[in-house]
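Q: Here is the input, now give the coordinates:
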Amino acid sequence: MRRYKFPTLLSAFLTLLNDRLSESIFLPLLPFLLEDFSSSGSTVGLLSGTYALSQFAVAPLIGALSDRFGRKPVISICVLGSVLGMGLFATTLTLPWQQLWPSAAAAGLPLAMLFLARIIDGASGGTAATATAVLADVTTPENRAKAFGLIGVAFGLGFALGPGLGGLLGDVNRILPAWAATAFALTNLMVVLGLLPETHPPAARRQLPRKRELNPVTLLARVFSKPEVRRLTIAFFGFFMTFNGFTTVLVLYLRNNFRWTEGMAGAAFALVGVIAMVVQGGLIGPLVKRFGELRLTLTGLGLLTTGCLLVPLATPANSVPVVYTAVALLALGTGLVTPCLRALVSRRLGNDGQGSALGGLQGLQSLGTFLGASAAGFSYDRIGPTSPFWFAVVMLIGVAVLVAGSLPKRPQTQQA
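A: Presented below is the predicted three-dimensional model:
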């Protein structure tokens with residue numbers, strides 16, 4: 001496997017980056033792209049969450065298929081779906097609906113097609129889970145947190161390149177970022193087909209489970225039924241629900257309250273990506289060895305909570321320094337929490353059936369993303385623009401309590 005290490009890591013990295021880039025490139029643009037169709041926070045939240053909900057529905061099946069037939073064929077089909085979904089999204093935005101078919105535009109057909117595009121992309125969104133399983137195949141449990149740092153690099157780079165590229169290309173033409181994301185997904189597909197070796201040997205493959213076991217709700221219930229990971233999985237769910245909730249409405253909040261432009265919002269998210277990439281790509285390994293995953297997770301949650309507190313305290317006069325400070329803290333926190341919390345859950349789940357296990361985690365993350373984005377949009381419209389950030393503070397404190405309480409209790413003799 002050593003001679004295949006670079007092609008394996010490159011393919012997994014590009015796949016993870018594509019998964020994140022297809023979402024992050026629209027973060028500074030989505031409220032602007034939807035101006036012709038809808039301007040409500042609920043629509044922004046639902047469109048953002050549709051991808052995640054579709055991913056949640058199929059994640060158990062994709063994880064099981066990768067355990068049965070291997071990682072490469074499954075990941076190839078998933079990336080192809082990403083190409084098709086992004087292509088439909090870009091095409092829908094490009095068509096001159098008011099001139100071509102005004103009655104369809106008035107009836108909401110373009111908005112429906114945007115939702116369909118996100119459903120297609122999300123239904124093939126097992127890329128992250130399968131790419132994570134590839135990393136689990138080629139690493140030992142003690143090195144898994146460092147390997148999962150590659151997920152953080154892709155996450156950070158996606159946040160650095162996506163919003164920055166979206167803001168830059170959006171200044172030229174708002175639709176151009178969608179075509180750029182489609183082209184990147186196509187490149188990802190060619191790399192996977194040409195370079196990715198099969199990391200899951202036939203001897204380690206498992207039979208497909210029964211249909212009822214592929215039900216995402218059943219899979220989540222099974223994960224929650226294990227006492228050794230119950231607190232961590234609830235914390236995992238709560239973290240992604242919270243993080244994706246407030247990031248969904250952040251640009252809408254900055255645009256409506258402080259008149260931020262696409263470029264300013266893109267630069268803020270790019271800062272998040274750069275910091276998270278540095279932390280998870282270069283620092284996470286030494287930090288885990290020195291402090292351990294549990295302490296780093298709690299530290300990261302504290303930084304995230306502080307960042308969420310700062311956003312609603314900003315005013316039009318100080319919004320730039322306050323918001324940039326807030327997003328820097330959010331980036332540091334995310335850079336610590338994402339790989340460490342994932343590694344804590346993965347380690348306690350064991351090595352058997354990593355594809356199904358990580359597929360279950362991906363489904364949990366996707367469900368949390370959908371509920372968080374939808375709830376944040378609803379809260380923004382019905383309760384107030386700052387309410388999603390205050391709710392996030394409360395949720396993050398709850399996540400920290402769950403993580404702190406997950407530490408196994410030692411026998412009395414060992415304590416003595």
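
Q: What's the mean pLDDT across stretch 203-215?
A: Along stretch 203-215, the predicted local confidence has a mean pLDDT of 70.

Q: what pLDDT does Asp67 get?
A: 77.

Q: correct me, but it touches Arg206?
A: Yes. The criterion here is C-beta atoms under 8 Å, and Asp67 meets it with Arg206 at 4.6 Å. For every residue, glycine as well, the C-beta is placed using N, CA and C.

Q: So which of these two has more stuff around it?
A: Just comparing Asp67 and Arg206: by other C-beta atoms under 10 Å the higher neighbour count belongs to Asp67, 26 against 14.

Q: Can you point out the buried residues in the strand or helix carrying that one?
A: Asp67 belongs to helix 41-69 when elements are defined using DSSP states H and E. Of the residues in helix 41-69, those scored as buried under the neighbour-count criterion (16 or more other C-beta atoms under 10 Å) are 41-68.

Q: and if you look at stretch 15-33?
A: Taking 16+ other C-beta under 10 Å as the neighbour-count basis, stretch 15-33 is seen to contain the buried residues 15-33.

Q: Next, report how far that stretch is displaced from the centre of its chain.
A: Mean C-alpha position of stretch 15-33 versus that of the full chain (C-alpha atoms, centre = their mean, to the nearest Å) differs by 10 Å.

Q: hang on, the earlier thing: which strands and helices sit next to the helix holding Asp67?
A: Identification of packing neighbours for helix 41-69 by 3 or more C-beta pairs under 8 Å, 6 or more residues apart in numbering; DSSP states H and E yields helix 30-33, helix 71-94, helix 109-123, helix 127-137, helix 216-224, helix 227-258, helix 354-382.

Q: to the chain's geometric centre, what's the distance from that helix?
A: Helix 41-69 sits 11 Å away from the centroid of its parent chain (C-alpha atoms, centre = their mean).

Q: relative to helix 227-258, how tilted is it?
A: Computed with axes from the mean of the first three to the mean of the last three C-alpha atoms, to 10 degrees, the direction of helix 41-69 lies at 150 degrees from that of helix 227-258.

Q: Can you check what angle separates helix 41-69 from helix 109-123?
A: Computed by the same axes, to 10 degrees, the angle separating helix 41-69 from helix 109-123 equals 30 degrees.

Q: Kindly calculate the angle that helix 41-69 makes with helix 71-94.
A: Orientation of helix 41-69 against helix 71-94 (the same axes, to 10 degrees) gives an angle of 160 degrees.

Q: Distance of the residue nearest to Phe240 when sequence neighbours are not counted relative to Ser374?
A: With C-beta to C-beta, 6 or more residues apart in numbering as the criterion, Phe240 has its nearest non-adjacent residue at 4.0 Å, and that residue is Gly368. Look at Gly368 and Ser374: by C-beta to C-beta, to the nearest Å, they are 11 Å apart.

Q: cool, Leu114 as well?
A: Relative to Ser374, Leu114 is positioned 16 Å away (criterion: C-beta to C-beta).

Q: Next up, the contacts around Val17.
A: Careful, residue 17 is Leu and not Val. By C-beta atoms under 8 Å, 6 or more residues apart in numbering, the contact set of Leu17 is Ala154, Leu157, Gly158, Asn188.

Q: just those residues now: which is nearest Phe236?
A: Ala154 (18.3 Å; C-beta to C-beta).

Q: On the three-state scheme, the closest one is what?
A: Ala154 falls in the helix class when you classify it by DSSP: H, G, I helix; E, B strand; the rest coil.

Q: How about Phe239: what's its closest non-neighbour residue?
A: Val399 (5.1 Å).

Q: Can you list the low-confidence ranges for the stretch 251-400 of the chain?
A: Per-residue confidence of the stretch 251-400 of the chain (counting by pLDDT under 70) places the weak regions at 281, 349-363.

Q: now with 90?
A: By pLDDT under 90, the low-scoring segments of the stretch 251-400 of the chain are 251-252, 255-256, 259-294, 331, 334-335, 338-370.

Q: Which parts of it are helices?
A: Applying DSSP state H, counting those that start in this stretch to the stretch 251-400 of the chain gives helices spanning 262-278, 284-291, 293-313, 319-349, 354-382, 387-404.

Q: Quick one: closest of the ones you listed to Ser103.
A: Using C-beta to C-beta as the criterion, the shortest distance between Ser103 and the helices of the stretch 251-400 of the chain is 27.7 Å, found for helix 354-382.

Q: which two from the contacts of Leu17 end up farthest apart in space?
A: Distance extremes for the contacts of Leu17: the farthest pair is Leu157 and Asn188 at 13.4 Å, using C-beta to C-beta.

Q: These two: who's more crowded?
A: Asn188 (26 against 22).

Q: tell me which element that one is part of?
A: Using DSSP H and E, Asn188 sits in helix 176-195.

Q: list the buried ones in that helix?
A: Burial within helix 176-195, assessed by neighbour count using 16+ other C-beta under 10 Å, is assigned to 176-182, 184-186, 188-189, 191-192.

Q: of all those residues, which comes closest to Glu198?
A: Val192 (11.5 Å).
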